[in-house]
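J.: model this:
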Amino acid sequence: MHKIDTPSADEGQFVDKDSSLGIDGTVVDASWLNAVQNEICNMIEGAGITLNKQSVVQLRDAVESFIHSKSLKTVVHASSVVESISTTVKRVSESFRITQGCTLDFTSSYKIVSSDGSGALSLQLVNATSGVQYYLLGSVLCSAGAVENYRVVVKVGTGGTSIPNGDYYVTLNAISNGTFPSNFMFRCEGVVSRGQA
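T.: Model (predicted):
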């Protein structure tokens with residue numbers, strides 16, 4: 001990027017035309033216009049957004065994307081001493097934003113604490129607006145007394161998992177494979193960060 005540097009500019013500043021004083025005004029050259037255009041396009045494409053001639057909000061969306069992805073953000077920190085397994089879905093996190101190019105890093109730990117039954121436990125991403133599930137974070141078959149740990153790291157967007165931009169939350173899904181009720185404990189933590197998986 002550079003300031004306008006044509007002969008009709010005034011120390012990098014634009015000058016208005018004033019016929020009464022014989023001032024023609026600043027001539028804008030292709031070099032400056034291309035520099036401005038390329039700066040804007042590089043910002044938009046750097047956020048993983050495809051240029052669209054019909055859109056007038058892509059620069060705004062790119063800036064929002066970079067703001068949300070500059071630092072690590074804890075998005076899940078949930079745990080339970082005892083929960084009852086059933087064929088149900090339990091929301092375990094607040095909403096958080098996912099944008100193209102970010103990396104999801106989630107860890108979870110499960111334990112069946114009752115002596116009967118077993119179950120499949122999983123963490124899943126759910127779109128906070130539509131309710132649509134986009135990615136299975138982990139499915140673990142638990143047996144009584146055993147501690148099961150799971151970690152998943154995945155990149156969102158080009159070369160990774162296809163998840164639309166938006167606000168999401170995490171649910172814990174529990175399906176019993178044995179006698180009801182079976183009790184379990186769980187812990188899950190996660191971060192969303194900018195960068196490669």
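
J.: which regions of the chain lie under the pLDDT threshold?
T.: Applying pLDDT under 70 to the chain flags the ranges 68-76, 85, 87, 116-117, 158-160, 178-182, 194-197.

J.: Spell out which residues make up each domain of it.
T.: According to automatic domain parsing, the chain is divided into the following domains: 19-69, 73-194.

J.: Ok, which of these comes nearest Ser8?
T.: domain 19-69 (4.7 Å; CB to CB). From N, CA and C alone the C-beta is placed, and that goes for glycine too.

J.: rewinding a little: with distance to Met1 added, can I get the domains of the chain in TSV?
T.: TSV is the format used below for these (distance: least, CB to CB, whole Å):
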stretch	distance to Met1
domain 19-69	5
domain 73-194	23
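
J.: okay, the ones you listed in CSV with mean neighbour count next?
T.: Below are the domains of the chain laid out as CSV (neighbours: other CB atoms under 10 Å):
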stretch, mean neighbour count
domain 19-69, 13
domain 73-194, 17
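
J.: Among the ones you listed, which comes closest to Lys3?
T.: Once the domains of the chain are compared by CB to CB, domain 19-69 is nearest, at 8.1 Å.

J.: Return the distance of the most centrally placed residue in the chain relative to Gly157.
T.: Within the chain, one residue has its C-alpha closest to the average C-alpha position: by CA atoms, centre = their mean, that is Ile98, at 1.9 Å. Here the criterion is CB to CB, to the nearest Å. By it, Ile98 lies 9 Å from Gly157.

J.: Between these two, which contacts overlap?
T.: With CB atoms under 8 Å, 6 or more residues apart in numbering applied, the overlap between the contact sets of Ile98 and Gly157 consists of Ile163.

J.: Quick check: beta-bridge partners of the closest residue to Val132 other than its chain neighbours?
T.: Setting aside the residues directly before and after it, Val132 is nearest to Val126 in space (CB to CB, 6 or more residues apart in numbering), at 7.2 Å. Taking DSSP bridges as the rule, Val126 bridges to Gln133, Tyr169.

J.: what about Val126, distance to Ile112?
T.: Going from Val126 to Ile112 by CB to CB gives 24 Å.

J.: now Val156
T.: Counting by CB to CB, the gap from Val156 to Ile112 is 32 Å.

J.: Ok, Val28 next?
T.: Noted for Val28: a distance of 70 Å to Ile112, by CB to CB.

J.: do Phe184 as well
T.: With distances taken as CB to CB, Phe184 is found 5 Å from Ile112.
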